[in-house]
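>>> Coordinates only, no sequence provided:
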């Protein structure tokens, strides 16, 4: 019976027809007190006013100086507080990200939580052999196909590098095509160089039916590392920003300094520097095209100072990323933070709890987008489609928490309580119980709720095996959202390496 | 080097000499808005005023009526709002729980988070064979020994039922002795009947050196189910309350209705009824001895309405328990809630994420005590010492999150930032980095932070194997806190079934 009802509650989604995952506003968790928020924001403004940013190429230096910035004797560029505050005021507060399937789009900003992938893993964990190997274009396509079917995941940023591509251009074009072909949800890709933006957007225009249609339905963000910490612009990153802005592409601009290495070891200092770097990115947008859709991926990473290695799974990482979300929510800037970055190499109990607390805290803090929510292992060096469907279940439960508790007179019905207490003695037969069964509770797809005896009788099925079945079921379905004629045009015009079966050709 | 530094940072604790686990205040996560808190509190007061409680034995009925309660025509007893509010005002706001090793005690109340065990599992997961079997007195002793060495766990409520005891009295006496002998941290035990309180406390007095010393150092709570949901007193439970109060024993009184079965299916309704049941317990304390130390274990459980079975791992459970903590914090009543109740049967990724988000949210909500934080599996029907040490590591990371972010001018040092930016370009060599290495960051004991390559080279050691080693190391050490002479006196006077090697005799 459990199986039957589960199917009725959560119908297996069909390609291109899935509902948009539920969206709820966070912000009930405030890791920083009000005074702490102000102190860190003030420090970030001070950093930009006193220390500023290095590494600006000439065109950017001119544009920033035209917008009121100043050059120090050593060539660094600084920004008056007033100018920075003006840029914050006129920043785009909401970024609309349609999907290629337009109805699957999202509105980013204001603390409404969206979960997605992210990262640039270089390995995948093979579901069958549980061995690690270099990630390929086919892996990327498979991961994005799986993401398309995750009911609790809103968007997909390219999670792995297709290491079987021959050139940077082939990589960028094929990464974009694999994401486009795999999912109708909003996507995000990065670029090796600014010159690759135009061909990729040309391809997207073709996919949408020609003309400059991507400008009207910009279903793909440019994921750009605009800063090299501490406090320098990434020259190629800002070039890519300029190219993407020119083509109407929404930006997700990233700073991910590691506390103790490329940012201060104190979480407060790391947050102040990271916020300054995010605001520096805003000042670039503001100097080129004020109000251009830009999401601030402010991702305070943590070093394990015993080894210097990045540690994504610890409590400090969860806390700092939640605080980053709070700071951007306070400034009314659309935010992306990172969570779900376990240090475990496989989908084990450590992976579970590190993902559980970090995604829950970022979501409750009201991060507009949470990159890396699903599918990553090994301190974000490894991706796994099986881990993705397992994590997706977790995200459903976490989003249920973000939704909160509805409190209304109808739900605090003392007459019903009196009736139960003086009658049956339980609520099982109450009309409200039946009615709330499907609305008050979320039922997992994979997580096992059987009793010990039932589970042992069933042969102790590992969750991993259930996940493998789910992944296989999804991959057996072909995506249908990209029109065939558009796909043919793309294949005729661009060096597409993914064949029609989703295998590298 | 990682190993060497780990050892220096977190010295392996010696029996009886461990530091008290760190304590931090929660409350930064507020699942309910202010108006929602008021509405639920008002509803709880209304429930007590209109529907009241059934099942009061005659002595309690008389005592409550003497204190101002009224009897309805059907025998239920109701409480005016004013009387309930008076009881809330004069309730003990802080409960002092010393350990048997007094310095390991805790102060419960005000949102300072303490993690502990709890429950009444009837099976254990055998660490070596990974099979499930009935729990025994030796299992209980072993679990509490392990708990004694968990650096992030503050107290230990008996997690398993010793099913190899012959009579209820033998069970209660030996449960209390096994906990006492195993750990110097504050403990909690339950009683089959009120008549068992006196012999157990006599034993505790003996342990402390004779006389009524337990009254001055009450290192053990009475864990009492005082209510049968919906809205009836548990007759034996209130008898045990009376007996424990008479002997100066702190109380932890529990209500754990299942939403949709023994409480309303709406989380709001479940919270209102549960709070009413907790307050009914307070009114019992108030009628017997106002201000007696009492902790309110308000644990809204969730039914999976597809099967009717209790589900501890879902998002609704995490959310409802966090909200329960918030409600009691609002009323300034010392709280216990439940988290860490995974529905998985083994320590897998599902167990991890269900524990991760639920313990994190309860802690961030400011639960004074979180029962079941560590060591439970199978919807709290199974305990495991290996799961306990794994979960303990998780709790360290979660407590790091509760501690929050220190924001001070010294930690927002722009001069240092300027020096780094114009100098080395990284913070690795900064004095503050070295200084903060041990204070700003928590390093796990078991969680694996190695790279994929290092971990594969090491033979992919499963975390479970590391946990087994840690458990074996702990169990190889004998506890030293119970004086030998006291133990001899106890063994002479009580039917102790645990031999000196921790095995059932």
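Sure, I can see it. On a predicted model such as this, the values are computed, not experimentally measured, just so you know.
>>> Leaving out sequence neighbours, find the closest residue to the residue nearest the centre of chain A.
For chain A, the residue nearest the mean C-alpha position is residue A:371 (2.6 Å; Cα atoms, centre = their mean). The shortest distance from residue A:371 to any non-neighbouring residue, by Cβ to Cβ, 6 or more residues apart in numbering or on different chains, is to residue A:118 (2.9 Å). Glycine gets a C-beta too; all of them are placed from N, C-alpha and C.
>>> Look at that neighbour and tell me its secondary structure.
Assigned by DSSP: H, G, I helix; E, B strand; the rest coil, the conformation of residue A:118 is coil.
>>> coming back round to it: the residue nearest to the centre of chain A is in contact with residue A:335, isn't it?
No. The pair residue A:371 and residue A:335 does not pass the contact test of Cβ atoms under 8 Å, sitting 10.5 Å apart.
>>> what residues are shared contacts of these two?
residue A:297 (Cβ atoms under 8 Å, 6 or more residues apart in numbering or on different chains).
>>> Strands along the stretch 201-350 of chain A, start to end?
A:220-225, A:227-228, A:232-233, A:251-255, A:258-259, A:294-298, A:301-304, A:309-310, A:335-338 (DSSP state E, counting those that start in this stretch).
>>> Show me what the fifth one packs onto, helices and strands only.
Using 3 or more Cβ pairs under 8 Å, 6 or more residues apart in numbering or on different chains; DSSP states H and E as the contact definition, the elements that strand A:258-259 packs against are helix A:267-288, strand A:301-304.
>>> Next, work out how far apart the residue nearest to residue A:367 when sequence neighbours are not counted and residue A:361 are.
Excluding its sequence neighbours, the residue lying closest to residue A:367 (Cβ to Cβ, 6+ apart) is residue A:325, at 3.7 Å. Using Cβ to Cβ, to the nearest Å, we find residue A:325 at a distance of 9 Å from residue A:361.
>>> Between those two, which is the more surrounded one?
Legend: neighbour count by other Cβ atoms under 10 Å in any protein chain shown for residue A:325 and residue A:361, higher for residue A:361 (33 against 30).
>>> Quick one: the helices and strands packed on strand A:258-259 as JSON lines, columns for mean pLDDT, distance to chain B and mean neighbour count too.
Listed next are these as JSON lines, based on pLDDT from 0 to 100; distance: least, Cβ to the nearest Cβ, whole Å; neighbours: other Cβ atoms under 10 Å in any protein chain shown:
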{"stretch": "helix A:267-288", "mean pLDDT": "98", "distance to chain B": "4", "mean neighbour count": "27"}
{"stretch": "strand A:301-304", "mean pLDDT": "96", "distance to chain B": "6", "mean neighbour count": "26"}
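>>> Was I right to think residue A:418 contacts residue B:50?
Yes. Between residue A:418 and residue B:50 there is a contact under Cβ under 8 Å: 7.1 Å.
>>> what kind of secondary structure is the closest residue to residue A:444 other than its chain neighbours in?
Take residue A:444 and drop its neighbours on the chain: the residue closest to it by Cβ to Cβ, 6+ apart is residue A:393, 4.6 Å away. Assigned by three-state DSSP, the conformation of residue A:393 is helix.
>>> Tell me the pLDDT of residue A:393.
Per-residue pLDDT puts residue A:393 at 98.
>>> neighbours of it, just the number please.
Neighbours around residue A:393, by other Cβ under 10 Å: 27.
>>> Could you do residue A:90 as well?
Counted with other Cβ under 10 Å, residue A:90 comes out at 12.
>>> mind listing the helices for the stretch 301-450 of chain A?
Ranges of helices within the stretch 301-450 of chain A are A:315-330, A:349-364, A:385-403, A:414-422, A:431-436, based on DSSP state H, counting those that start in this stretch.
>>> what's the most buried one of those helices?
Ranked by mean neighbour count under mean count of other Cβ atoms under 10 Å in any protein chain shown, the helices of the stretch 301-450 of chain A are led by helix A:349-364, which reaches a mean of 32.
>>> touching chain B at all, that helix?
Yes. Shown here: helix A:349-364 in contact with chain B (Cβ under 8 Å from any Cβ of the partner chain) through A:349-361, A:364.
>>> Can you pull out the low-pLDDT segments for chain A?
Within chain A, the stretches with pLDDT under 70 are A:1-19, A:505.
>>> And the nearest residue to residue A:289 once chain neighbours are set aside, how far from residue A:225?
Leaving out its chain neighbours, the residue that sits closest to residue A:289 by Cβ to Cβ, 6+ apart is residue A:245, at 5.2 Å. Distance of residue A:245 to residue A:225, computed by Cβ to Cβ: 16 Å.
>>> which residues sit in contact with residue A:435?
By Cβ under 8 Å, 6+ apart, residue A:435 has no neighbours at all.
>>> interface residues of the stretch 101-250 of chain A facing chain B?
Residues of the stretch 101-250 of chain A lying near chain B (Cβ under 8 Å from any Cβ): A:123, A:132, A:230, A:231, A:232.
>>> Can you say which of those are buried?
By neighbour count, with 16 or more other Cβ atoms under 10 Å in any protein chain shown, these hold A:123, A:132, A:230, A:231, A:232 as buried.
>>> Any chance of these in JSON lines with distance to residue B:489 as columns?
Converted to JSON lines, these look like this (distance: Cβ to Cβ, whole Å):
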{"residue": "A:123", "distance to residue B:489": "62"}
{"residue": "A:132", "distance to residue B:489": "59"}
{"residue": "A:230", "distance to residue B:489": "65"}
{"residue": "A:231", "distance to residue B:489": "69"}
{"residue": "A:232", "distance to residue B:489": "72"}
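>>> Tell me which two of these sit farthest apart.
A:132 and A:231 (35.2 Å; Cβ to Cβ).
>>> re earlier: pick the most buried one from the strands of the stretch 201-350 of chain A.
strand A:335-338 (a mean of 32).
>>> For chain B, tell me whether that strand is touching it.
No. Strand A:335-338 stays clear of chain B (Cβ under 8 Å from any Cβ), getting no nearer than 14.1 Å.
>>> Contacts for that strand next, please.
A:118, A:252, A:254, A:256, A:295-299, A:301, A:312, A:317, A:321-322, A:324-325, A:328-329, A:362, A:365, A:367-372.
>>> Roughly how far does residue A:472 sit from chain B?
Here the criterion is Cβ to the nearest Cβ, to the nearest Å. By it, residue A:472 lies 19 Å from chain B.
>>> what packs against the helix or strand hosting that residue?
For residue A:472, the element it lies in under DSSP states H and E is helix A:463-475. Applying 3+ Cβ pairs under 8 Å, 6+ apart, we find helix A:463-475 packed against helix A:137-148, helix A:385-403.
>>> shouldn't residue A:356 be in contact with residue B:354?
Yes. Contact between residue A:356 and residue B:354 holds when scored by Cβ under 8 Å: they sit 6.9 Å apart.
>>> who touches both of these two?
Here residue A:356 and residue B:354 have residue A:394 as joint contacts, going by Cβ under 8 Å, 6+ apart.
>>> Pull the contacting residues for residue A:319.
Counted by Cβ under 8 Å, 6+ apart, residue A:319 has contacts A:31, A:267, A:361, B:400, B:401, B:404, B:405.
>>> Try it again at 10 Å.
A:31-32, A:267, A:300, A:302, A:357-358, A:361-362, A:365, B:364, B:397-398, B:400-405 (Cβ atoms under 10 Å, 6 or more residues apart in numbering or on different chains).
>>> Same check on residue A:36?
Per Cβ under 10 Å, 6+ apart, neighbours of residue A:36: A:30, A:268, A:271, A:323, A:326, A:327, B:404, B:405, B:406, B:407, B:408.
>>> residues touching the second one, list them.
It stands for residue A:268. Counting by Cβ under 10 Å, 6+ apart, the residues that residue A:268 touches are A:32, A:36, A:39-40, A:43, A:320, A:323, B:405-413, B:440.
>>> among those, which ones are buried?
For the contacts of residue A:268, buried by 16+ other Cβ under 10 Å: A:32, A:36, A:39-40, A:43, A:320, A:323, B:405, B:407, B:411-413, B:440.
>>> what's the distance between residue A:195 and chain B?
28 Å.
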